[in-house]
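1. Pasting the sequence and the predicted model now:
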Amino acid sequence: MSGNRGTPGPKKKATAGSGAAQKSAQKNSQKTSGSDSGARRSVGARIRSTLKWLLILGLVCSMIVAGIGYFAYRNTEIPDANKAFEAQSTYVYYSGGKARIGRFADQNRESIPLADIPSSMQDAVIAAEDRTFYTNSGIDPKGILRAAFSNAKGNATQGASTITQQYVKILYLTQERTLSRKVKEAFLSLKVQQEKSKVAILEGYLNTIYFGRGAYGVQAAANAYFNKPANKLTVPESAMLAAVLNSPNYLSPDRGEEGRAALLERYDYVLDGMVSMGNLDASEADSYRGELPAVGKPRASNMYGGQRGFMLTMVKEELVRLGFDEAEIDAGGLRVETTFTRKAMQAAEEGVLEQRPQGLKQLHVATASVDVKTGGLVGFYAGQDYLQSQLNWARLGGSPGSSFKPFALAAGLKDGFALKDTFDGNAPFELPDGGGEVGNQGEGQGRSYGSAISLTTATENSVNTAYVDLTTAMEDGPQKVVRMANALGVPKNAPGLKPFPAVALGSATVSPIDMANSYATIANGGMHHDWFTVKKVTRAADNAVLYKVPRKTDRALSGDIASDVSYALQQTVQNGTASTALNLGRPAAAKTGTATNDDENVSSSWFVGFTPQISTAVMYVRGKGNEALNGYLPVFYGGAFPADTWTAVMERVMDGVEEKDFPEPAFVDGEAPVEGHAPYTPPPPPPKPQPKPKPKPRPSQTVAPEPPAPDPPAPTQGGGNQGGAVLPPDNVCEPTDPNCDQ
């Protein structure tokens, strides 16, 4: 027990000691918590102080920005709208930038009061472009921020503006898409919003916005698309016009099926917006949805007469590809310098009109001339006046026939063959794997040229069988011919351009422009340029250069092979089917082409060739481009009318241009991919018969003089032995005597 009682004693001491420790710990804890609390109060005070100063700084900055903004706003003046609008016309110039070709739009606009614009048109535009138009302040802060971030990333195409901002941009600003212009647009929009009513802004917008087809404002647009005034527009017509506004070029009903499909999607969006805004009954919208209203055909302006319309259309399409929008192109105050020259354009038209046969209304003659060193299209003839038809045959093209063969020749030389290598020139030629037969020009299966003719001879005489033999002799030959054609300048999407054994005979559809450019690659030593029409674009307001054509080249073919292909084409002029080009009177290389359709009728006739400076293609087609020329043209071969036209055009283009020679051929002689095409070596001639030896002349004998004979006795009767004997005179010699003077 005592032991048990004694046990608590130490525990009490321990308890007492523990209590003291706890008190000490509590004191220490209180000191620590006080210290932490003070530290927290110190940090909190610093944060509050920082926030206070940041708030003050923010207020000061805001006041400064507001002051700057107020000052800028007060000093923002609204310029004269009409003068600004007129100053924004875009003009297009010939090469050199001096002589004017024309302009894209003739400012086709007519202002009408808002009362003459149907409510359906007003509602449709608001539904399409700015559904908060009546409630917003005229600017879109989110749009400005989007533009800021977009420009910070290097993208200067961010748009998305209110109707007020669009109206301001159309009348008072350039079409550039930059942050600075957005800021200026915002200030002007606020100013306009303060000084004009919403009704006045909407009226001004509807009278100036671009709808496509050269129409500015709803009145011009109603006439351009529907041949009626604006006050007669129906709901579907209003919705379609409003849909076009977003991108008049991309959403154009004139842009084929793709354009109409995009427009239909936007059209349905506008109808849905009109329903959601309470301006159109849903059931009525359903009756319109999914089908565009009928539109009239676009009318050509007189300013597009002759070849000018084709020139402006091609330039406009190229500007769109370069990233300019249609409103900017038509009214952005641009100055566009093109590759066209007056001389080449005039040469094309005069050459065609001089040589084409008269009275054949369905005949289409197209030409294209390309600068060998740059790829610039300097001249062309589309086939007719733009006001008569907008079909540009210089771009539509036809089957080039044998003028396609140089592409196969280039592929063959690259594959290891040489110009001296031989191929089957006899007709018919059996295609591999029972694929049929190929013949040559002439009656029946055509003329046979021999079982082993050189590639030079095959080119000079345009021998089909030899070129099919060449194509099939190469491994994957048809694919190599197609790839070579693409590398030289034939588009990959050319209709009918497929790898098959007779691809070298030119059944694909290729335009004269692309053929001229492909031959230009050969003339340029194998260096290829994409053809183009726009050299430079500047802005009239500040002369800023917005675009300058880059110097893009790629090697499509080695210089040696290009010189050999060129040599074969030069020989075709000197000795073959292209001899008409000799009339040019300077070095030229060329090839004829005649294509047949599925009915075995001649469907197109070509002549394509070049000098060291200019490459030109000429094409003759009929009707829709595939109808028979035989029985229609007096002579339908490429060496006839097309060759004469080519010569007439090139004589004018090359007049005054320095005469230059072609590079010497390299006569490349690689390792042929297959055997059996070695150059033809004629057998040795049979030995010539030895001439019979001529008899040697006998040595002459000198007749010794005889003593003078005595006078003959007088004859006696009976005569005796001397009766008939007479000796020759002593001055007579043998005929074989070399000393004889007789």
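-> Nice, thanks for sending it over. Numbers count the residues shown, from 1 in each chain.
2. got the CA positions of the helix or strand hosting residue 201 in CSV?
-> Secondary structure assigned from DSSP states H and E places residue 201 in helix 198-208. Extracted in CSV, the C-alpha atoms of helix 198-208 (Å, rounded to 0.1, in the frame of the first residue of the first chain):
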residue,chain,number,x,y,z
LYS,A,198,-30.2,56.3,-86.3
VAL,A,199,-32.6,56.8,-89.2
ALA,A,200,-30.1,59.1,-91.0
ILE,A,201,-27.3,56.6,-90.4
LEU,A,202,-29.3,53.7,-91.7
GLU,A,203,-30.4,55.7,-94.8
GLY,A,204,-26.8,56.8,-95.5
TYR,A,205,-25.5,53.2,-95.0
LEU,A,206,-28.1,51.7,-97.4
ASN,A,207,-27.3,54.3,-100.0
THR,A,208,-23.5,53.7,-100.0
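3. Check which helices and strands it is in contact with.
-> Using 3 or more Cβ pairs under 8 Å, 6 or more residues apart in numbering; DSSP states H and E, the elements in contact with helix 198-208 are helix 81-87, helix 119-129, helix 163-172, helix 218-226. All C-beta spots, glycine's among them, are computed from the backbone N, C-alpha and C.
4. now the ones you listed in JSON lines, with mean pLDDT and mean neighbour count?
-> Shown next, in JSON lines, are the helices and strands packed on helix 198-208 (pLDDT from 0 to 100; neighbours: other Cβ atoms under 10 Å):
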{"stretch": "helix 81-87", "mean pLDDT": "51", "mean neighbour count": "14"}
{"stretch": "helix 119-129", "mean pLDDT": "96", "mean neighbour count": "22"}
{"stretch": "helix 163-172", "mean pLDDT": "79", "mean neighbour count": "24"}
{"stretch": "helix 218-226", "mean pLDDT": "94", "mean neighbour count": "23"}
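5. and the helix holding residue 201, average pLDDT?
-> Average pLDDT, helix 198-208: 91.
6. just stretch 612-619 next, same as before
-> The model assigns stretch 612-619 a mean pLDDT of 98.
7. The residue nearest to the spatial centre of the chain - nearest residue in space that isn't next to it in sequence?
-> With distances taken as Cα atoms, centre = their mean, residue 531 lies nearest the centre of the chain, 5.0 Å away. Counting by Cβ to Cβ, 6 or more residues apart in numbering, residue 517 is the residue found nearest to residue 531 once chain neighbours are left out, at 4.3 Å.
8. one step back: distance of the residue nearest to the centre of the chain from residue 482?
-> Separation of residue 531 from residue 482 (Cβ to Cβ, to the nearest Å) stands at 20 Å.
9. ok, now residue 273?
-> Residue 273 is 49 Å from residue 482, by Cβ to Cβ.
10. Report the residue ranges of every domain in this protein.
-> 107-300, 341-415+474-537+553-659, 421-471 (automatic domain parsing).
11. Distance from the chain centre to the second one, please.
-> Domain 341-415+474-537+553-659 sits 15 Å away from the centroid of its parent chain (Cα atoms, centre = their mean, to the nearest Å).
12. For that domain, measure first residue to last.
-> End-to-end distance for domain 341-415+474-537+553-659, by Cα to Cα, to the nearest Å: 20 Å.
13. For residue 627, find the nearest of the helices and strands packed on helix 198-208.
-> helix 218-226 (33.4 Å; Cβ to Cβ).
14. What's the local residue count around the nearest residue to residue 392 once chain neighbours are set aside?
-> Leaving out its chain neighbours, the residue that sits closest to residue 392 by Cβ to Cβ, 6+ apart is residue 382, at 4.3 Å. By other Cβ atoms under 10 Å, 30 other residues sit near residue 382.
15. Report pLDDT for residue 382.
-> Confidence for residue 382, expressed as pLDDT, is 97.
16. give me every residue that touches it.
-> 307, 310, 366, 391-395 (Cβ atoms under 8 Å, 6 or more residues apart in numbering).
17. which residues of the stretch 1-150 of the chain score low on pLDDT?
-> 1-41, 44, 62-88, 106-108, 140-150 (pLDDT under 70).
18. 80 instead, please
-> Along the stretch 1-150 of the chain, the model assigns pLDDT under 80 to residues 1-54, 56-89, 105-110, 137-150.
19. just to revisit the earlier point, which stretch among the helices and strands packed on helix 198-208 comes nearest residue 352?
-> Of the helices and strands packed on helix 198-208, the one closest to residue 352 (Cβ to Cβ) turns out to be helix 218-226, at 32.0 Å.
20. What are the boundaries of the strands in the stretch 51-200 of the chain?
-> 91-93, 100-103, 108-109 (DSSP state E, counting those that start in this stretch).
21. got TSV for those strands, with distance to residue 125 and mean neighbour count too?
-> Formatted as TSV, those follow (distance: least, Cβ to Cβ, whole Å; neighbours: other Cβ atoms under 10 Å):
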stretch	distance to residue 125	mean neighbour count
strand 91-93	30	19
strand 100-103	26	16
strand 108-109	16	18
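22. Looking at these, spot the one closest to residue 56.
-> strand 108-109 (53.4 Å).
23. The residue lying closest to residue 417 once chain neighbours are set aside and residue 424: what is the separation?
-> Nearest residue to residue 417, sequence neighbours excluded (Cβ to Cβ, 6+ apart): residue 672, at 5.5 Å. Distance from residue 672 to residue 424, counting by Cβ to Cβ: 15 Å.
24. ok, residue 494 touching residue 514?
-> Yes - contact criterion Cβ atoms under 8 Å: residue 494 and residue 514 qualify, at 7.5 Å.
25. Which of those two has more residues huddled nearby?
-> residue 514 (24 against 18).
26. and the helix or strand hosting the more buried one, what does it pack onto?
-> Using DSSP H and E, residue 514 sits within helix 512-523. Helices and strands touching helix 512-523, as assessed by 3+ Cβ pairs under 8 Å, 6+ apart, comprise strand 363-371, strand 377-381, helix 393-396, helix 405-414, helix 477-488, helix 559-575, strand 602-610, strand 614-622.
27. Can you lay out the ones you listed as CSV showing mean neighbour count and distance to residue 677?
-> Formatted as CSV, those follow (neighbours: other Cβ atoms under 10 Å; distance: least, Cβ to Cβ, whole Å):
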stretch, mean neighbour count, distance to residue 677
strand 363-371, 28, 34
strand 377-381, 28, 39
helix 393-396, 22, 38
helix 405-414, 27, 10
helix 477-488, 22, 13
helix 559-575, 22, 16
strand 602-610, 29, 26
strand 614-622, 30, 30
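28. Out of those, the one nearest residue 208 is which?
-> When those are compared (using Cβ to Cβ), the closest one is helix 393-396, at 33.3 Å.
29. what's the closest one packed up against?
-> strand 363-371, helix 512-523.
30. Please work out the average pLDDT along the first one.
-> Pointing back at strand 363-371 there. 98.
31. same deal with the longest one?
-> Per-residue pLDDT values over helix 512-523 give a mean of 98.
32. ok, then the element right after that helix?
-> Assignment by DSSP H and E places the next element after helix 512-523 at strand 527-528.
33. Now do the next helix or strand after that following strand: which elements does it pack against?
-> Moving toward the C-terminus from strand 527-528, the next helix or strand (DSSP H and E) is strand 534-539. For strand 534-539, the packing partners by 3+ Cβ pairs under 8 Å, 6+ apart come out as helix 308-321, strand 334-338, strand 545-548.
34. Dump the ones you listed to JSON lines, plus mean neighbour count, distance to residue 476 and mean pLDDT.
-> Formatted as JSON lines, the helices and strands packed on strand 534-539 follow (neighbours: other Cβ atoms under 10 Å; distance: least, Cβ to Cβ, whole Å; pLDDT from 0 to 100):
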{"stretch": "helix 308-321", "mean neighbour count": "20", "distance to residue 476": "33", "mean pLDDT": "96"}
{"stretch": "strand 334-338", "mean neighbour count": "23", "distance to residue 476": "41", "mean pLDDT": "96"}
{"stretch": "strand 545-548", "mean neighbour count": "14", "distance to residue 476": "40", "mean pLDDT": "96"}
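35. Residue 508: which of those is closest?
-> helix 308-321 (21.9 Å).
36. Now do that closest one against strand 534-539: the angle between them, please.
-> 70 degrees (axes from the mean of the first three to the mean of the last three Cα atoms, to 10 degrees).
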